[in-house]
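1. can't give you the sequence, but here's the structure:
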DNA sequence: TGACACTTACTTAGTAGTAGGTTAGTGTAT
DNA sequence: ATACACTAACCTACTACTAAGTAAGTGTCA
């Protein structure tokens, strides 16, 4: 397979693993077996695990940029756009998964320095996105923190208490903005 | 050292590790070196890692019970009691730590079955505690979920964005109940 | 009182399995 | 001929867990 396709394929699988297991707990061994390659082959494309982690963070940032473009073009009430952002973010996360940014945050103290910086960057970018979509609302930066904390906290709760929790949270977050 | 003291000491250190690293990523090796024992000695007190995990869950439940007794006896506005509960929960969590229940939830899919059950139990107990303290408030069970999700999501964010986030969240959660 | 059986709380030295990472070499397309 | 995409075979370090042994005590008999 050609270089760019294979790299993309590896990043994609790594992202799934991170959403399911977190960054520290997924391994090149699991990844390689799923992709039908050897560990050494993944090391060929991403010399260190941290290089792959950085590539995943890059992909997350690109995803946020694309979502913001899509939402800004949408023909809906501007007051609904922040909620639409959360809805779209959720749509990328399966029932047994958590938000990949949360997963990186959970492992944060044990990440290599360069990856910490990348995680901080994408974290602040996401907070900035929501704050921007709330720009006409009072105290929009604090509200962005509340919305994202609650959403991601609830995703973690879902693992132990089941899926209904997401509807409960979504409903309350909508009410909060009215 | 006598049996009960040593057991307590091991549970205490394990709890700190879980708050810092999560359940899957802390090891008997780290734990034993900190306590000045061997790994085998910890296995003597807790045959398997999952036995130690269960003991930690038990301790968390006992802690919740004691907090509820303390809060019910406090001479404050009943409407402030849920916020006081959150404040007390936070006081047990250092700056570089997350909520231990969140830590177990993050590792949930990879926990042994018996430990999953224990984590579910303590999770539901905590939700029940907050709902009980909110009993005079409309939609108290949904509100309990919102309060705890936001608090714990924010603790995770704190690792990447710094400590100020907790004041922002606390302030908004207080406003939410007025 | 003292010998004997037994327990507690540990240690040393290992097991098998998995982690991230490396090195040298192979097949293939241009 | 050369660069690319890969594999086989390794290495060191760390994981949970175990086997075997030991020093210091405890309880119970004659």
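-> That came through, no problem. These figures come from a predicted structure and were not determined experimentally.
2. Write out the residues of chain A neighbouring DNA strand C.
-> Chain A has residues A:26-30, A:39-40, A:43, A:47-50 near DNA strand C, with proximity defined as C-beta under 7 Å from any atom of the strand. Heads up, the C-betas are built off the backbone N, CA and C, glycines and all.
3. Okay, now the unreliable bits of chain A?
-> A:1-4 (pLDDT under 70).
4. in it, which helix has the most residues?
-> helix A:49-73 (DSSP state H).
5. For chain A, which segments are assigned as strands?
-> For chain A, no strands are identified by DSSP state E.
6. burial measure for residue A:11, as a count.
-> 16 (other C-beta atoms under 10 Å in any protein chain shown).
7. got the contact list for it?
-> By C-beta atoms under 8 Å, 6 or more residues apart in numbering or on different chains, the contact set of residue A:11 is A:52, A:55-56, A:59.
8. Mark which of the residues you listed are buried, thanks.
-> A:52, A:55-56, A:59 (16 or more other C-beta atoms under 10 Å in any protein chain shown).
9. Include distance to residue A:144 when you put those residues into CSV, please.
-> CSV is the format used below for the buried ones among the contacts of residue A:11 (distance: C-beta to C-beta, whole Å):
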residue, distance to residue A:144
A:52, 29
A:55, 26
A:56, 23
A:59, 22
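10. Let me know the closest of those to DNA strand C.
-> Lowest distance from DNA strand C to the buried ones among the contacts of residue A:11 (C-beta to the nearest atom of the strand) belongs to residue A:52, with 8.0 Å.
11. So that closest one is in contact with residue A:46, correct?
-> Yes - Residue A:52 is in contact with residue A:46 according to C-beta atoms under 8 Å; the separation is 3.9 Å.
12. what touches both of these two?
-> residue A:10.
13. burial count for residue A:167?
-> Neighbour number of residue A:167 under other C-beta under 10 Å is 11.
14. so how far is residue A:42 from it?
-> Per C-beta to C-beta, to the nearest Å, residue A:167 is found 38 Å from residue A:42.
15. Also residue A:86?
-> Relative to residue A:42, and taking C-beta to C-beta, residue A:86 is found at 33 Å.
16. Residue A:146 too?
-> The value you get for residue A:146 to residue A:42, if C-beta to C-beta is used, is 39 Å.
17. who's more crowded, those two?
-> residue A:146 (25 against 21).
18. ok, now which ones touch the closest residue to that one other than its chain neighbours?
-> In space, and not counting its chain neighbours, residue A:146 is closest to residue B:172: 5.0 Å by C-beta to C-beta, 6 or more residues apart in numbering or on different chains. The neighbours of residue B:172, taking C-beta under 8 Å, 6+ apart as the test, are A:142-143, A:145-146, B:150.
19. I only care about those residues that end up buried; give me the ChimeraX line for that.
-> Restricted to buried positions by 16+ other C-beta under 10 Å, the ChimeraX selection for the contacts of residue B:172 reads:
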select /A:142,143,145,146 /B:150
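20. Pop out the phi and psi values for residue A:75.
-> Dihedral pair for residue A:75: phi -100, psi 70, per degrees, to the nearest 10.
21. quick one, helices of chain A?
-> A:3-21, A:28-35, A:39-45, A:49-73, A:81-91, A:100-106, A:113-133, A:140-161, A:164-176.
22. Determine which of those approaches residue B:76 most closely.
-> Residue B:76 sits nearest to helix A:140-161 of all these, at 24.3 Å, using C-beta to C-beta.
23. quick one: that closest one to helix B:140-161, angle?
-> Angle of helix A:140-161 versus helix B:140-161, following axes from the mean of the first three to the mean of the last three C-alpha atoms, to 10 degrees, is 110 degrees.
24. quick check: angle from helix A:140-161 to helix A:164-176?
-> If you take the same axes, to 10 degrees, helix A:140-161 sits at 160 degrees to helix A:164-176.
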